[in-house]
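Novice: next comes the sequence, and after it the predicted model I'd like to discuss.
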Amino acid sequence: MVRVGMPAVLAAACLIGGCSSFLPAAGPTASAVVEGADVATDQGLLARYELVDVDAAVVEALRGRPLDSLLASFGDRRPSVQPVIGVGDAITVTIWEAGSGGLFSAPAVTGLSTGSKSSSIPEQIVARDGTISVPYAGRIKVAGRRAPDVQSQIEQELAGKAIQPQVLVTVNSPLSTSVTVLGEAAAAGGGARLAASRSGPVSNLGGGRVPLTEKGDRLLDVIATAGGVSAPVNETFVRLSRGTATATVPLTAVVSNPRENIFLRPGDTLTLVRDPQTFLAVGATGANYEIPFSAEGITLAQALAKSGGLRDFQADPAGVFIFRFEPASVVRRLRPGSPLLSSNFVPVVYRINMRDPNSLFVSQAFRMRNRDLVYVSNAPFTEVQKVLSVFSTVTSPIASGASLYSATR
């Protein structure tokens with residue numbers, strides 16, 4: 001008669017009965033992930049997420065994932081040739097006369113002195129009705145007009161009152177033709193003043209405002225004028241708001257693609273957002289925590305290396321999964337008949353079998369996305385080891401007691 005040890009009998013019984021589901025674990029087994037894609041209901045199977053095996057065709061389909069585009073959202077229209085004056089701009093008016101003793105010139109003190117032939121009207125802010133006040137000319141409409149046109153009108157209004165007047169209108173603070181820069185700009189206020197100094201005298205423009213020049217300024221021009229970015233370029237995103245439309249793109253996309261470096265328009269709001277790109281490593285990997293990309297983009301192979309790789313005595317090479325929410329347009333290419341396409345974003349689990357040598361090439365082409373979760377399941381034998389370890393802990397005192405009892409008899 002063959003005797004079977006009690007621990008082996010109990011372990012086998014527990015495995016058969018499903019006791020392994022009560023053991024400590026870092027997550028589901030590979031089979032549980034596969035079986036969990038669909039859940040049984042009274043109406044039949046209900047899809048919870050899409051399970052996609054990664055191969056060369058999947059990698060190629062993911063390359064076409066749609067991204068926000070500044071060019072597609074706003075176009076590349078050039079700004080007006082010459083900015084116009086707007087409400088809130090600060091303006092200085094200087095008037096010259098042909099001789100002394102006029103309305104805006106001082107009389108001669110002596111026969112050798114001709115006196116001052118010019119006068120500057122103190123800086124004014126364009127009122128809400130779009131006008132400024134000029135002595136002896138009244139309220140002058142300036143909003144929506146170019147400086148030379150305003151100069152001509154003031155000269156006409158002063159004709160016959162001043163001595164051959166000549167007028168110069170200077171826009172000191174062109175707030176109406178500026179872009180608001182927020183976020184991770186190194187020195188928005190100082191940059192704005194620097195930009196304005198290229199076209200004339202400068203007054204306090206307020207932090208974060210960068211006036212546009214007559215030549216037209218592209219997005220990177222404005223960022224440079226604002227002092228550049230204080231965060232790493234690969235962690236910085238550009239969020240441009242114009243009217244009711246807003247688009248967000250990585251700064252690296254603007255730098256690498258000149259078409260995305262579009263012209264900005266007056267009134268645009270440019271926000272530089274720092275968003276460190278990270279992924280989560282969970283399960284039978286060398287490290288279980290949030291890991292930064294530390295680069296513009298990384299592949300699955302690099303992600304596994306950053307997380308310490310697969311644990312030799314614990315990981316299931318056939319159970320490497322990437323959990324991600326994909327746009328419906330991407331899932332439609334991978335699973336045209338998916339019942340989950342009614343949502344804008346679909347939960348997808350990508351599976352890669354690292355036992356297949358070809359998977360080493362595929363993992364080098366599979367691009368990681370921000371906030372991806374990489375999960376490596378335990379090998380089936382690891383679960384058996386846990387069961388045996390538990391029963392060894394339970395039966396060891398019993399065996400010791402039996403041995404002591406036998407020795408004392």
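Specialist: Nice, thanks for sending it over. Numbering: from 1, shown residues only.

Novice: can we go C-alpha only for contacts and neighbour counts from here?
Specialist: Noted.

Novice: give the burial count for residue 340, as a bare number.
Specialist: Residues near residue 340, counting by other C-alpha atoms under 10 Å, number 20.

Novice: kindly report the same for residue 375.
Specialist: Using other C-alpha under 10 Å, residue 375 has 25 neighbouring residues.

Novice: surely it meets residue 282?
Specialist: Yes: with contact defined as C-alpha atoms under 8 Å, residue 375 reaches residue 282; the gap is 4.9 Å.

Novice: show the contacting residues for the most centrally placed residue in the chain.
Specialist: Geometric centre of the chain, nearest residue: residue 237, 3.4 Å, by C-alpha atoms, centre = their mean. Contacts for residue 237 were tallied using C-alpha atoms under 8 Å, 6 or more residues apart in numbering; they are 248, 249, 250, 251, 272, 273, 274, 275.

Novice: now do the strand or helix carrying the first one, average pLDDT.
Specialist: When elements are assigned from DSSP states H and E, residue 248 belongs to strand 245-250. Across strand 245-250, the average pLDDT comes to 91.

Novice: using PDB, write down the CA coordinates of the longest strand seen in the chain.
Specialist: Selection of the longest strand in the chain by residue count, based on DSSP state E, yields strand 315-327. Coordinates of each C-alpha in strand 315-327 appear next as PDB, following Å, rounded to 0.1, in the frame of the first residue of the first chain:
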ATOM      1  CA  ALA A 315       7.300  35.800 -13.800                       C
ATOM      2  CA  ASP A 316       5.300  34.200 -16.500                       C
ATOM      3  CA  PRO A 317       6.900  35.200 -19.800                       C
ATOM      4  CA  ALA A 318       3.700  34.500 -21.700                       C
ATOM      5  CA  GLY A 319       1.800  36.800 -19.300                       C
ATOM      6  CA  VAL A 320       3.100  40.300 -20.100                       C
ATOM      7  CA  PHE A 321       0.200  42.800 -20.400                       C
ATOM      8  CA  ILE A 322      -0.200  46.500 -21.100                       C
ATOM      9  CA  PHE A 323      -3.400  48.100 -19.800                       C
ATOM     10  CA  ARG A 324      -4.500  51.200 -21.700                       C
ATOM     11  CA  PHE A 325      -7.500  53.300 -22.700                       C
ATOM     12  CA  GLU A 326      -7.400  53.700 -26.500                       C
ATOM     13  CA  PRO A 327      -9.500  56.100 -28.600                       C
END
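
Novice: tell me where the model's unsure across the chain.
Specialist: 1-26, 40-45, 80-81, 106-116, 187-207, 381-409 (pLDDT under 70).

Novice: mind listing the helices for the stretch 201-350 of the chain?
Specialist: 219-225, 251-256, 300-306, 328-334 (DSSP state H, counting those that start in this stretch).

Novice: buried sites along the second one?
Specialist: In this case it means helix 251-256. Of the residues in helix 251-256, 251, 253, 254 count as buried by neighbour count, 16 or more other C-alpha atoms under 10 Å.

Novice: now it, how far from the centre of its chain.
Specialist: Relative to the chain's own centre, helix 251-256 is displaced by 11 Å; criterion: C-alpha atoms, centre = their mean, to the nearest Å.
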